[in-house]
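# Next comes the sequence, and after it the predicted model I'd like to discuss.
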Amino acid sequence: MTHNDSPLLQARGLTKHYGMRLGCADVSFDLYEGEVLAVVGESGSGKSTLLGLLSSEVEPTAGSVHYRMRDGAVRDLFALSEAERRFLLRTDWGFVRQDARDGLRMGVSAGANVGERLMAVGARHYGRIRESALDWLGRVEIEADRIDDTPASFSGGMRQRLQIARNLVTRPRLVFMDEPTSGLDVSVQARLLDLLRGLVADLGIAVVIVTHDLAVARLLSHRIMVMRQGRVIETGLTDQVLDDPHEAYTQLLVSSVLAA
Ligand SMILES: Nc1ncnc2c1ncn2[C@@H]1O[C@H](COP(=O)(O)OP(=O)(O)OP(=O)(O)O)[C@@H](O)[C@H]1O
């Protein structure tokens, strides 16, 4: 078996209690390289908790996450040192936050927002860093003459595109996305989704995307996990689950979107 045949990430029995309250319970799945997994469910169903557990920002009550590093070694994420975890987050992973202000440095230029990530993986040559930053601004459709502006002067859609560039410039193997298009105008959302879909496919990145919007899941994901009250109630290929949902709750979710 080659590296690429084994999962990039394996979650087993992931459970999180916040005191008496359940965040999520007994979530298990494998994620392969280049695969896009959407986690859907209504507010409070445990999506953000699960994303926090997978990215090792949240400590589990029980369960494990194993991740295959670039050197092929499979590591238990919760056994990594803080320095190793940070290194993963800066290099092999990306995290696109719902609010771009949480994922960008608002006080530094667009170019520096992108360049900083390159420096975290060892780039030192100013000219080349700036060239890569320009290239990536172009890929996310930000005009070259905005490179020295701070994201504070950008529109919501531009900020989100800059956040995407900042996350993808190091060619991470895995990107977590938390509602990356919500809060944007519908037309801006559509363009951003298109862009995301193209970039993810071109780069062959694995993605775990949390969304309450089934249209986003349909457009971006190969597989879908439906969560309710902290548990995964249905999972499968996105088109199959959305076209022929087995669980009554999923049917409700799908039909309420259709009615909207
Ligand atoms: N830090 C926390 N402390 C206590 N309870 C929490 C905490 N974070 C989440 N919860 C609880 O865990 C459950 C799952 O919440 P979570 O935020 O994971 O759901 P979600 O599906 O992401 O919701 P939303 O779409 O509204 O963000 C909820 O009952 C929530 O109140």
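Yep, that arrived.
# Buried ones in stretch 109-126, by neighbour count?
Using 16 or more other Cβ atoms under 10 Å as the test for burial, stretch 109-126 gives 109-118, 123. Using the backbone N, CA and C atoms, a C-beta is placed for each residue, glycine as well.
# and for it, what are the contacting residues?
Residues from elsewhere that reach stretch 109-126 (Cβ atoms under 8 Å, 6 or more residues apart in numbering): 90-91, 104-105, 108, 129-130, 132-134, 136-137, 142, 146-151, 154, 162, 165-167, 169-170.
# ok, 7 Å please
The contact list for stretch 109-126 (Cβ atoms under 7 Å, 6 or more residues apart in numbering) reads 90-91, 104-105, 129-130, 132-133, 136-137, 142, 146-151, 162, 165-166, 169-170.
# again, but for stretch 176-195
Stretch 176-195 is contacted from outside by 48, 51, 54-55, 93, 95-98, 140-141, 156-157, 160-161, 207-211, 213, 216, 219-220, using Cβ under 7 Å, 6+ apart.
# Can you flag the buried ones in the residues you listed?
Buried members of these, scored by 16+ other Cβ under 10 Å, are 48, 51, 54-55, 93, 95-98, 140, 157, 160-161, 207-211, 213, 216, 219-220.
# Could you list which of those residues also contact the ligand?
Counting by Cβ under 6 Å from any ligand atom, residue 48 from these sit close to the ligand.
# Low-confidence ranges, the stretch 1-150 of the chain, go.
For the stretch 1-150 of the chain, the stretches with pLDDT under 70 are 1-4.
# got the residue ranges for the helices in it?
47-54, 82-90, 100-103, 110-120, 126-139 (DSSP state H, counting those that start in this stretch).
# What residues of the shortest one count as buried?
In other words, helix 100-103. Within helix 100-103, the residues that qualify as buried are 100, 103, counting by 16+ other Cβ under 10 Å.
# follow-up on the earlier one: what about burial for the contacts of stretch 109-126, which qualify?
Members of these classed as buried by 16+ other Cβ under 10 Å are 90-91, 104, 129-130, 132-133, 136-137, 142, 146-147, 149-151, 162, 165-166, 169-170.
# What is the end-to-end distance of stretch 223-233?
Stretch 223-233 stretches 14 Å from its first residue to its last (Cα to Cα, to the nearest Å).
# Hmm, I typed the wrong one, I wanted stretch 140-156.
One end of stretch 140-156 sits 13 Å from the other (Cα to Cα).
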